[in-house]
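A.B. asks: Output the structure for:
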Amino acid sequence: MNSKFTQALLNSNGGYASLILRVPVGLTLAAHGAQKLFGWFGGYGLEGTGQWLASIGLEPGYLMALLAGGAEFFGGLALVLGLLTRPAALVTAFAMLVAIFAVHIGNGLFMSNNGYEFAMTIFVVTLALAIQGAGRFSLDNVLLKRFGGTNR
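C.D. replies: Numbers count the residues shown, from 1 in each chain. Sure thing, here's the model as predicted:
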């Protein structure tokens with residue numbers, strides 16, 4: 001692997017704070033993605049989510065459900081593990097921006113009105129992780145030590 005690329009992708013000076021952000025947000029994202037992909041946790045699965053997304057103008061709905069569910073589920077799992085954290089965080093941040101502007105923005109801030117506060121919070125956390133990286137306690141750090149030099 002190119003050492004500069006590996007450093008830029010995996011290096012992080014974060015410690016416990018990155019871990020504290022990654023794990024609960026990653027689990028939450030994975031659960032929401034599982035609702036969309038598999039119908040778990042009371043979700044509608046790809047068919048139902050795809051139909052709903054098409055009904056609000058995000059078409060093709062099935063593909064959009066697959067993309068959103070995949071970003072949330074696999075991105076969330078990657079965040080939990082601290083594996084390729086920056087790309088996973090960027091993908092999930094983008095998914096949250098789409099959710100904010102395609103679904104929630106017209107409902108105001110608060111979740112009680114299906115507002116954007118939850119998606120905005122996830123967006124901000126994933127954006128911070130994309131900037132800071134996974135931190136010391138991550139698989140990214142293990143990979144960095146093995147393939148790209150040392151990390152603190």
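A.B. asks: quick one: secondary structure of the residue lying closest to residue 61 once chain neighbours are set aside?
C.D. replies: Ranked by Cβ to Cβ, 6 or more residues apart in numbering and with sequence neighbours excluded, the top spatial neighbour of residue 61 is residue 54, at 3.0 Å. Any C-beta I mention is one placed from the backbone N, CA and C, and that applies to glycine too. At residue 54, secondary structure determined by DSSP: H, G, I helix; E, B strand; the rest coil is helix.
A.B. asks: count of residues packed around residue 54?
C.D. replies: Each residue near residue 54 was counted by other Cβ atoms under 10 Å, and the total is 16.
A.B. asks: List the residues that contact it.
C.D. replies: For residue 54, the residues meeting the contact criterion (Cβ atoms under 8 Å, 6 or more residues apart in numbering) are 60-62, 64.
A.B. asks: Near residue 104, how many other residues are there?
C.D. replies: The burial metric for residue 104, expressed as a neighbour count using other Cβ under 10 Å, is 20.
A.B. asks: should've said residue 13
C.D. replies: Using other Cβ under 10 Å as the criterion, the residues surrounding residue 13 number 11.
A.B. asks: Isn't residue 48 up against residue 39?
C.D. replies: Yes - assessed by Cβ atoms under 8 Å, residue 48 is found in contact with residue 39 at 7.3 Å.
A.B. asks: contacting residues for residue 97?
C.D. replies: Contacts of residue 97 by Cβ under 8 Å, 6+ apart are residue 123.
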